[in-house]
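Asker: Sequence plus predicted model, see below.
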Amino acid sequence: MSEALAAMVREKLDAGLLPHDQPRKLWAGDGTGKTCTACERPILSSQREYEVQYDDDRPEIRFHAACHGLWESERRRRNYLLPSD
């Protein structure tokens, strides 16, 4: 994984563009061509797509598998993995 992508995830967490809190649900499946929230590139049908869902009206949050892993790792590093209320 590139340092540039990891830095992008950190910056988006700092700016509030990626959520800090634990999602209520996580879905995984084949890519749908929609844009990854982390890297802003399409998630192709040949790639795994992760969608996180919350119980509020947040916009869709989708990730490539690698981007999701970076997001989870950074949240873990920052102790953000506690369940949301």
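Answerer: Happy to help now that I have it.

Asker: Mind jotting down where the helices sit in this protein?
Answerer: Counting by DSSP state H, the segments of the chain that form helices are 3-15, 65-77.

Asker: Can you list the buried residues in the last one?
Answerer: I take that to be helix 65-77. Of the residues in helix 65-77, those buried by neighbour count under the rule 16 or more other CB atoms under 10 Å are 66, 67, 68, 70, 71, 72, 74, 75. To be clear about C-beta, it is placed using only N, CA and C from the backbone, and glycine gets the same treatment.

Asker: so how far is that helix off the chain centroid?
Answerer: Computed by CA atoms, centre = their mean, to the nearest Å, the chain-centroid distance of helix 65-77 equals 7 Å.

Asker: for that helix, packing partners?
Answerer: If contacts are counted by 3 or more CB pairs under 8 Å, 6 or more residues apart in numbering; DSSP states H and E, helix 65-77 sits against helix 3-15, strand 48-53.

Asker: For these, give me CSV that also has distance to residue 81 and mean pLDDT.
Answerer: Output for the helices and strands packed on helix 65-77, formatted as CSV (distance: least, CB to CB, whole Å; pLDDT from 0 to 100):
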stretch, distance to residue 81, mean pLDDT
helix 3-15, 13, 94
strand 48-53, 13, 97
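
Asker: mind putting those in a markdown table, mean neighbour count and distance to residue 21 included?
Answerer: Putting the helices and strands packed on helix 65-77 into a markdown table (neighbours: other CB atoms under 10 Å; distance: least, CB to CB, whole Å) gives the following:
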| stretch | mean neighbour count | distance to residue 21 |
| --- | --- | --- |
| helix 3-15 | 14 | 11 |
| strand 48-53 | 19 | 10 |
